[in-house]
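Undergrad: Need a 3D model of the sequence below.
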Amino acid sequence: MSAMPTSTVSGAVPSAGTAAQAASMPPRVPLWLLALFTFSGTLAMHIFVPALALASADLHASSSAMQMTVSLYILGLALGQLVYGPLADRFGRRPILMVGLSIYTVAGVVAMVAPDAYSLIAARLFQALGGCAGLVLGRAIVRDTALPAQAAKRLALMNLMVTLGPGAAPILGALLAGSLGWRSIFVVLTLLGVVNLVLAWRMLPETGTANMNVSAATFVRHYKHLLRSPAFLGFAVGGGAATTSMYAFIASAPFIFSGQMHRPPGEVGLYLAILVSGVWVGSMLTGWLIARVPLNRLMVGANLISVVGAVIFLVVVLSDRMTPIWVIAPMFLFTVGAGVASPAALTQAVSVDPLVIGSASGLYGFVQMAVGALCTAVVGFGSSPALSAALALVGAGIVAQAAFWVALRQPALNRH
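TA: The predicted structure is shown next:
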């Protein structure tokens, strides 16, 4: 008797068409895994701030020397993103991410046992250079594995990690330093690096196409191409101004609430947590709105909401009617708008040229961090932290609107 035909439902040998279709599908990468890679880099940015005084006394270092452990971290986070993107385009996402996570982990060990301030500063710089790999390649992997509309939904969580890290880091850092000492902060960061390495090794597939023929000259050409693109620059500058300008308020928050409004220091963490929840709300709204509102209209409209919040905050400061509710409410509006606008801007920026997604992701990250660093530096000027922060946020909102306008005037992008 002849054998019965094998069922196509259970245990069937796939047809040639099915096999080809499966082979053409991009690999699936858990979104929580990419979020964890991204979170590790941004968490370490400000987690050490509450422990600066303790470390300064322990290492017999000046306060200015200890401040460099923060400022150089931001610098490393910005500069490193220029390197990882092109390298990932040449060698693939997975091996470059593994190298970055290894640097992050080893630097955490060095910082944990640092005998003096100079060793700690150097370790922090390398920690940033390793940690920024997750920011760049997390975005690139999302774009590798999703169409633009789907990518915007997934990048909403990436944007959340970029802003959540600096918001939650001071609270966690204060708890660790106060209970276990300042070196415990680097124990936690090192353990996070080890976990990321193991997860990347076991769970992360390669999503890009390695091009071993790409030379250093090609990397430079990619960046020149992107820097000469009004569309890319518009989305990158606009996305940075719409998102990381929030760092200006985060850096000023202790001085605004405790110094100017005479609130207890313990309340500052609560207020920052409320603002971070605004980014959560914005990110959740993005997933719902992306299927109902065109991407460009969503990006511009969301940033307008942030501008309105910033203007209200400025009016409150100028009228000398600052209370916790009148500061938090407009700033919450600002962060909701930022949570919606940034994923759309990022999606458009890395989609300008599909052949250089890694380079575009790295350059976008550099611009984003540079804008955040500039806004944070601006609030150091003037006698009123609240006024400086309000002016920085309003200015950033205007810059974002102008940058988006420039980008959207490019004919190739008007159809999106």
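
Undergrad: give me the number of residues near residue 73?
TA: 25 (other Cβ atoms under 10 Å). Every C-beta, even on glycine, is put in place using the N, C-alpha and C of the backbone.

Undergrad: Tell me which helix or strand it sits in.
TA: Following DSSP states H and E, one finds residue 73 within helix 63-91.

Undergrad: mean confidence for the strand or helix carrying residue 154?
TA: Per DSSP H and E, residue 154 falls inside helix 148-180. For helix 148-180, mean pLDDT rounds to 73.

Undergrad: C-terminal to it, what's the next element?
TA: Next helix or strand after helix 148-180 toward the C-terminus (DSSP H and E): helix 183-203.

Undergrad: Name the residues that touch that next one?
TA: Residues outside helix 183-203 that contact it (Cβ atoms under 8 Å, 6 or more residues apart in numbering): 30, 33, 36-37, 40, 43-44, 47-48, 51, 94, 97-98, 101-102, 104-105, 108-109, 111-113, 127, 130, 134, 172-173, 176-177.

Undergrad: Check the burial of residue 117 by counting its neighbours.
TA: Neighbours around residue 117, by other Cβ under 10 Å: 19.

Undergrad: Check the spacing between it and residue 142 real quick.
TA: Distance from residue 117 to residue 142, counting by Cβ to Cβ, to the nearest Å: 38 Å.

Undergrad: and what of residue 126?
TA: 26 Å.

Undergrad: Comparing these two, which residue is more hemmed in?
TA: Between residue 126 and residue 142, counted using other Cβ under 10 Å, the more crowded position is residue 142 (28 against 20).

Undergrad: and the gap between that one and residue 357?
TA: For residue 142, the distance to residue 357 equals 10 Å [Cβ to Cβ].

Undergrad: Next: residue 52.
TA: As judged by Cβ to Cβ, residue 52 and residue 357 stand 38 Å apart.

Undergrad: Just want to know which of these two has more residues nearby.
TA: residue 357 (23 against 19).

Undergrad: so which strand or helix has that one?
TA: Counting by DSSP H and E, residue 357 is part of helix 357-378.

Undergrad: That helix: how far from the chain's middle?
TA: Relative to its parent chain, helix 357-378 has a centroid offset of 9 Å by Cα atoms, centre = their mean, to the nearest Å.

Undergrad: contacts for stretch 368-383?
TA: 74-75, 77-78, 81, 162, 236-237, 239-241, 243-248, 251-252, 385, 388-389, 391-393, 396.

Undergrad: Could you tell me which of the residues you listed belong to strands?
TA: Among the contacts of stretch 368-383, no residue falls in strands (DSSP state E).

Undergrad: And what about residue 293, helix, strand or coil?
TA: Here residue 293 takes the coil state, with states given by DSSP: H, G, I helix; E, B strand; the rest coil.

Undergrad: where does it fall, phi/psi-wise?
TA: phi -130, psi 130 (degrees, to the nearest 10).

Undergrad: count of neighbours near it?
TA: Neighbours of residue 293 using other Cβ under 10 Å come to 16.

Undergrad: Likewise for residue 273?
TA: Residues within reach of residue 273, counting by other Cβ under 10 Å, total 12.

Undergrad: CA atoms only for the host helix or strand of it, dumped as CSV, please.
TA: When elements are assigned from DSSP H and E, residue 273 belongs to helix 266-289. The C-alpha trace of helix 266-289 is given here as CSV (Å, rounded to 0.1, in the frame of the first residue of the first chain):
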residue,chain,number,x,y,z
GLY,A,266,13.0,64.5,48.5
GLU,A,267,10.1,65.8,46.3
VAL,A,268,12.4,66.4,43.3
GLY,A,269,12.5,62.7,42.4
LEU,A,270,8.7,62.5,42.5
TYR,A,271,8.4,65.5,40.2
LEU,A,272,10.9,64.0,37.7
ALA,A,273,9.0,60.7,37.9
ILE,A,274,5.8,62.5,36.9
LEU,A,275,7.6,64.1,33.9
VAL,A,276,9.0,60.7,32.8
SER,A,277,5.4,59.3,32.9
GLY,A,278,4.6,62.0,30.3
VAL,A,279,7.1,60.3,27.9
TRP,A,280,5.4,57.0,28.7
VAL,A,281,2.0,58.5,27.8
GLY,A,282,3.4,60.0,24.6
SER,A,283,5.0,56.7,23.6
MET,A,284,1.8,54.8,24.2
LEU,A,285,-0.2,57.4,22.2
THR,A,286,2.3,57.0,19.3
GLY,A,287,1.3,53.3,18.9
TRP,A,288,-2.3,54.2,18.7
LEU,A,289,-2.0,57.4,16.5
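
Undergrad: how about it: buried residues?
TA: Applying a neighbour-count criterion of 16 or more other Cβ atoms under 10 Å, the buried positions in helix 266-289 are 268-269, 271-272, 274-280, 282-286, 289.

Undergrad: Verify the contact between residue 352 and residue 234 for me.
TA: No. The criterion here is Cβ atoms under 8 Å, and residue 352 misses it with residue 234 at 9.7 Å.

Undergrad: Which pLDDT value belongs to residue 404?
TA: On pLDDT, residue 404 comes in at 95.

Undergrad: Got phi/psi on residue 291?
TA: Dihedral angles for residue 291 - degrees, to the nearest 10 - are phi -90, psi -10.

Undergrad: What are the structural domain limits within this protein?
TA: Using automatic domain parsing, the domains assigned to the chain come out as 28-150+157-210, 215-407.

Undergrad: Could you report the pLDDT at residue 391?
TA: At residue 391, the model reports a pLDDT of 95.

Undergrad: before we move on, what about residue 6?
TA: Note for residue 6: predicted pLDDT of 38.

Undergrad: Low-confidence ranges, the stretch 151-300 of the chain, go.
TA: For the stretch 151-300 of the chain, applying pLDDT under 70 flags the ranges 153, 156-167, 209-216, 265-266, 269.

Undergrad: Mind listing residues that contact stretch 391-403?
TA: 233-239, 241-242, 245-246, 248-249, 300, 303-304, 306-307, 310-311, 313-314, 334, 341, 371, 375, 378-379.
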